[in-house]
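*Asks:* With the input below, show me the fold.
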Amino acid sequence: MMRLFGWDDMVWPQLVSRYLSHLIQNSAMCEAFSSMGYTSYEALTVRSWFRCVLQMFLDQPSGALAKTDAERTVGKAYMEQLTEMTRLIFKLSEVENILLKANVGQSVFKQDPKSALVQFIKAVGRAYSGLQTLPEKSAMVAKTLEYLGDVLKYVKPYLKAKGPPEGLQLTYWIIGCLVKFCAPILATSKAQHLLFRIVDCLLLPHSVLQQDKELPVALLSAIQESLPLYLQGLSFICCQSQTQGAYLNQLLGSIIRHYFGRFLPSSPTLLGTGQHPLLTALGSSITAPQLLHLRKNTLHVIRESYLQFKGHAPPPRLASVLAFILEVLQRTQSTELCDIDLVLPAVLKCLVLVNELQVKKISTDIVQYMVEDCQAGSGGEHATQLTSVFRQFIQDYTAVYDHRVFNILETVAVLDQTLVTRLIPTITQSLKDSEHKQGLGRNAAQREAYKRLLSHLAEAGQNEIQKLENETDQ
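*Replies:* Numbers count the residues shown, from 1 in each chain. Reported below is the predicted structural model:
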């Protein structure tokens, strides 16, 4: 009877929640299961609870308008059943044991069933992280998979019908919480198959990958709100996985590449209004390896797919892409090595090749932020890398765009005189190489522009001016 009406995935969730709420509070029946050696009955009951919560909007028409009051959208009677079922689930010995290990109070079951399910997912992840031995961890992974069952099958009706909006929101939010808070479990070889199915079904299905195809508003909204959970969880898994690291990084890159463009506004002024999910995911200070990993992967994708010039033609939505980079720097209040390596060369290129005022303004702000944050006088790896990028920039562009390069360096000299002073030998050599290539002797206009830059560099600048004036034609 339990298998037919309580644990069967085909039975309507309203019936399951009502049936199990009556049976699992029957202590005699629970004792009978235990005495029979049927140890999985609690796990199967938890699985049924998972399904009942996830399918709470199954009877709502896909065109129904979203309402804020859950009792109006689902129906008061079913919400009461689910609330009672949740209360009873949290009294099962297995669940109590997990909450105890995770140091979570019993008050969580007093919340609405959706929030209680999220708290349980968090508790499972926390309990797993606290385990010490490999057998304990392996058993916990197996138990978690038993709790989940075929979780994607439970939400398939929402995905197929692309609604109702509440069902899609619930699906993406709950499974997103699973990816983030149970990331250590999903990083194991036993659970990675489920992770790959989640990515394929929810984040990279064929319909979503067609960039030119408009997605239903409800689906796009559900993805936008929950995507930070998936990105942060996947970044953790990429850092942990020892067997599928390369493939996982490829998956993460594909997700970033698709959704960065999908949610990037046409104008940078709209960036804050429609909150880009990648900004939300990256918006906290870098305190954990997985956030740094996500940042590095995001900037790599931006450089390779959104900052590539076609000849001298700038990429589309360039101002919005640059505004995103600036927003990341400002929100995290830090400049990482990956920022300097991956995006600063492209930002400097924008300053040289693009005349659009908005692009110039945002590019200048990015350079200013990075230079101020990595003061060359403070030494360290960041300052060394910054100097290296500017040195390459000078070598690449001085011959053709000398005046623009000198103007940029004048601005940088105001922010960090030491940085530009260290670049004097590189600039002088690039100037001489350019003159030699032209074969016309000294280039007076180029040297005057260079002297204006040197005049901002105190004694070292004056010494270099003197050297240049003392030189004879070569």
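
*Asks:* contacts and neighbour counts: CA atoms only from here.
*Replies:* Noted.

*Asks:* for the strand or helix carrying Leu100, the distance to its chain's centre please.
*Replies:* Assigned by DSSP states H and E, Leu100 belongs to helix 93-101. Computed by C-alpha atoms, centre = their mean, to the nearest Å, the separation of helix 93-101 from the middle of its chain amounts to 31 Å.

*Asks:* could you point out which element follows that helix?
*Replies:* With DSSP H and E, the next secondary element past helix 93-101 is helix 113-129.

*Asks:* neighbouring contacts of that following helix?
*Replies:* If you take C-alpha atoms under 8 Å, 6 or more residues apart in numbering as the criterion, helix 113-129 is touched by 50, 53, 82-83, 86, 98-99, 101-104, 108-110, 137, 140, 144, 174, 177-178, 181-185.

*Asks:* Can you give me the end-to-end span of stretch 142-162?
*Replies:* Here the two ends of stretch 142-162 are set 31 Å apart, with distance taken as C-alpha to C-alpha, to the nearest Å.

*Asks:* Ok, stretch 143-153 next?
*Replies:* Termini of stretch 143-153 sit 19 Å apart (C-alpha to C-alpha).

*Asks:* buried set for it?
*Replies:* 144-145, 147-149, 151-152 (16 or more other C-alpha atoms under 10 Å).

*Asks:* ok, now stretch 434-446?
*Replies:* Going by 16+ other C-alpha under 10 Å, stretch 434-446 has these buried residues: 434-435, 442, 446.

*Asks:* Can you pick out the most distant pair from the buried residues of stretch 143-153?
*Replies:* Thr144 and Leu152 (14.7 Å; C-alpha to C-alpha).

*Asks:* Now, the buried residues of stretch 143-153 that are in strands?
*Replies:* With strands taken from DSSP state E, there is no overlap with those.

*Asks:* Please tabulate these in TSV, including the columns distance to Val412 and pLDDT.
*Replies:* Formatted as TSV, the buried residues of stretch 143-153 follow (distance: C-alpha to C-alpha, whole Å; pLDDT from 0 to 100):
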residue	distance to Val412	pLDDT
Thr144	54	95
Leu145	55	95
Tyr147	57	93
Leu148	55	94
Gly149	58	90
Val151	54	93
Leu152	53	94
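
*Asks:* which of those residues lies closest to Thr418?
*Replies:* Nearest to Thr418, judged by C-alpha to C-alpha, of the buried residues of stretch 143-153 is Thr144 at 56.3 Å.

*Asks:* Tell me how far the closest residue to that closest one other than its chain neighbours lies from Leu457.
*Replies:* Nearest residue to Thr144 in three dimensions, chain neighbours excluded: Val124, at 7.6 Å (C-alpha to C-alpha, 6 or more residues apart in numbering). Applying C-alpha to C-alpha, the value for Val124 to Leu457 is 59 Å.

*Asks:* And for Ser129?
*Replies:* 54 Å.

*Asks:* Looking at those two, which one has more neighbours?
*Replies:* A side-by-side neighbour count of Ser129 and Leu457, using other C-alpha atoms under 10 Å, places Leu457 first with 23 against 16.

*Asks:* which residues touch stretch 398-415?
*Replies:* With C-alpha under 8 Å, 6+ apart as the criterion, stretch 398-415 contacts 351-352, 367-368, 371-372, 394, 397, 419-420, 427, 430-431, 433-434, 446, 449-450, 453, 456-457.

*Asks:* how about that stretch: buried residues?
*Replies:* 398-399, 402-413, 415.

*Asks:* Same question for stretch 320-340.
*Replies:* Those would be 320-329, 335-336, 338-340, for stretch 320-340 by 16+ other C-alpha under 10 Å.

*Asks:* same question, stretch 289-296
*Replies:* 290-296.

*Asks:* So which of the residues you listed are in helices?
*Replies:* Among the buried residues of stretch 289-296, the members found in helices (DSSP state H) are 290-296.

*Asks:* need the residues you listed in TSV with distance to Gly253, can you?
*Replies:* As requested, these are exported to TSV (distance: C-alpha to C-alpha, whole Å):
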residue	distance to Gly253
Gln290	14
Leu291	14
Leu292	14
His293	11
Leu294	9
Arg295	11
Lys296	10
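
*Asks:* All set, thanks.
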